[in-house]
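J.: give me coordinates for this.
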Amino acid sequence: MKKAKKIFETALSEGRTFVLENEAKDIMKAYGIPIPAYSTAETADKAVQEAEKIGYPVVLKILSKDVLHKSDAGGVKLNLKNEEEVRNAFDEIMKNVKSYGEKEETEVDLSRGVFVTDFVEAGTEVIIGVTKDPQFGHALMFGLGGIFVEVLKDVTFRLIPLKEVDAREMVHEIKASKILQGVRGQPPRDIDALVDIMLSVSKMVSENPEINELDCNPTFVYEKGKGALVGDARILIENDGKKSKR
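T.: From the prediction side, this is the model:
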């Protein structure tokens, strides 16, 4: 996809080892991966304007080439329900990130403003990730989110590129797969939509080998027939042969 290539070229030309969140969402959109409504805003007024277009509640996140871990810099505000909350959140994010830069003794570029996105309805939370091994190349990781990945390490891997049979096997391989199939009166989740996302991520990585690491976390899977949605995405890239910094 030409749009994805252009975004990666821009990031590399700026010496970055990651793409900004709006860029990551642009790339995913180009590959047909379902994502929440989003926009960007350089001012508080624009943030309110874009929030009203998207519809409340919304999320604001800092957009800066100098900030990878937004939460660490105080650059994330969730579940904003009206104009006043959006204005206050914008001002707080700018203040927090500026202070973070001063603390880290680095100048932080705030000119891009914030990423504005829909505060989406939570479904069954899964994680889809990509890692790159020097010997074997890219591999796709899949597992349920939260405690299942953080504590139980209930995940499975396949080398990229994936076929549909690979993706479906991965969904059924994890110990918690019965949650997706429906347990204790809960309806089954939309596994077809989940498989589509996994295959699209595989295609995206195959066509853009400069991707070093990728996290679609959280990805929400809804009831069967109601789809799935990548709520947040982080894409790290290799620059001059150097691995991306975490």
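J.: strands along this protein, start to end?
T.: 38-41, 58-62, 76-80, 114-118, 124-133, 137-144, 155-159, 211-221, 228-230, 233-237 (DSSP state E).
J.: the nearest residue to Met141 once chain neighbours are set aside: neighbour count?
T.: Distances taken as C-beta to C-beta, 6 or more residues apart in numbering put Gly129 closest to Met141, at 4.2 Å, once the chain neighbours are dropped. Just so you know, the C-beta spots here come from the backbone N, C-alpha and C atoms, and that holds for glycine as well. Other residues lying near Gly129 total 20 when counted by other C-beta atoms under 10 Å.
J.: what's the separation between Gly129 and Lys46?
T.: Gly129 sits 32 Å away from Lys46, taking C-beta to C-beta, to the nearest Å as the criterion.
J.: select the helix or strand of this structure having the lowest average pLDDT value.
T.: helix 147-150 (a mean of 74; mean pLDDT, DSSP states H and E).
J.: who's in contact with that helix?
T.: By C-beta atoms under 8 Å, 6 or more residues apart in numbering, the surrounding residues in contact with helix 147-150 are 127, 143, 154-155, 174, 176.
J.: please apply the same query to stretch 105-118.
T.: By C-beta under 8 Å, 6+ apart, stretch 105-118 touches 20-22, 25, 36-43, 46-47, 50-51, 54-55, 58-67, 73, 90, 93-94, 97-98, 100-101.
J.: what about the lengthiest helix in the chain, distance to the chain center?
T.: Longest helix in the chain, counting residues (DSSP state H): helix 83-103. Remark: helix 83-103 is offset 22 Å from the chain centroid, using C-alpha atoms, centre = their mean, to the nearest Å.
J.: circling back to that earlier point, dump the strands of the chain into a markdown table; add distance to Gly32 and mean pLDDT as well.
T.: Below are the strands of the chain laid out as a markdown table (distance: least, C-beta to C-beta, whole Å; pLDDT from 0 to 100):
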| stretch | distance to Gly32 | mean pLDDT |
| --- | --- | --- |
| strand 38-41 | 16 | 98 |
| strand 58-62 | 23 | 97 |
| strand 76-80 | 27 | 97 |
| strand 114-118 | 18 | 97 |
| strand 124-133 | 15 | 94 |
| strand 137-144 | 17 | 96 |
| strand 155-159 | 20 | 96 |
| strand 211-221 | 14 | 94 |
| strand 228-230 | 11 | 96 |
| strand 233-237 | 14 | 94 |
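J.: now distance to Phe8 too, for the ones you listed, in TSV please.
T.: Below are those laid out as TSV (distance: least, C-beta to C-beta, whole Å):
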stretch	distance to Phe8
strand 38-41	18
strand 58-62	21
strand 76-80	24
strand 114-118	18
strand 124-133	14
strand 137-144	15
strand 155-159	22
strand 211-221	8
strand 228-230	18
strand 233-237	6
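J.: nearest to Met1, of those?
T.: strand 211-221 (12.7 Å; C-beta to C-beta).
J.: partner strands of the closest one, parallel or antiparallel?
T.: If you go by DSSP bridges, strand 211-221 pairs up with strand 124-133 (antiparallel), strand 228-230 (antiparallel), strand 233-237 (antiparallel).
J.: alright, that wraps it up for me.
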